[in-house]
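Q: Coordinates only, no sequence provided:
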């Protein structure tokens, strides 16, 4: 269990470091993501991005389980 937590932590660090380049790919600004901006208030809810990330992670976990 500890080994997986370390691996997941390293992945999060790598994604965090690579985020400036990943954001240029359009991840997080997909159709279906909700962005509301009002005076003094903004809300960003990445529904489509969350679904795609969930599907990719589920596929990876399914592949590595076999």
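A: Alright, I've got the coordinates. Treat the numbers as computed from the prediction; the structure is a model and nothing was measured.
Q: what's the following helix or strand after the longest helix seen in the chain?
A: Here the longest helix in the chain is taken by residue count, with DSSP state H as the criterion, and it is helix 2-23. The helix or strand immediately downstream of helix 2-23 is strand 34-38, counting by DSSP states H and E.
Q: Give me the contacts around the longest helix of the chain.
A: Counting contacts by C-beta atoms under 8 Å, 6 or more residues apart in numbering, no residue outside helix 2-23 touches it. To be clear about C-beta, it is placed using only N, CA and C from the backbone, and glycine gets the same treatment.
Q: Could you check the pLDDT of the residue of the chain most remote from its centre?
A: For the chain, the C-alpha farthest from the mean C-alpha position belongs to residue 39; by C-alpha atoms, centre = their mean, that distance is 27.4 Å. Residue 39 carries a pLDDT score of 93 in this model.
Q: for residue 22, same thing?
A: According to the model, residue 22 carries a pLDDT of 71.
Q: What is the burial count for it?
A: Residue crowding around residue 22 was assessed by other C-beta atoms under 10 Å; the count is 13.
Q: repeat for residue 53
A: For residue 53, using other C-beta under 10 Å, the count is 13.
Q: where's it, which helix or strand?
A: helix 47-65.
Q: Okay, now the unreliable bits of the chain?
A: Within the chain, the stretches with pLDDT under 70 are 26-28.
Q: and if we set it to 50?
A: Regions of the chain meeting the criterion pLDDT under 50 are absent.
Q: residue closest to the middle of it?
A: The centre of the chain sits closest to residue 53, judged by C-alpha atoms, centre = their mean, with a distance of 5.4 Å.
Q: would residue 42 count as being in a strand?
A: Yes - the assignment for residue 42 by DSSP: H, G, I helix; E, B strand; the rest coil puts it in a strand.
Q: State the distance from it to residue 32.
A: Computed with C-beta to C-beta, to the nearest Å, the distance linking residue 42 and residue 32 is 18 Å.
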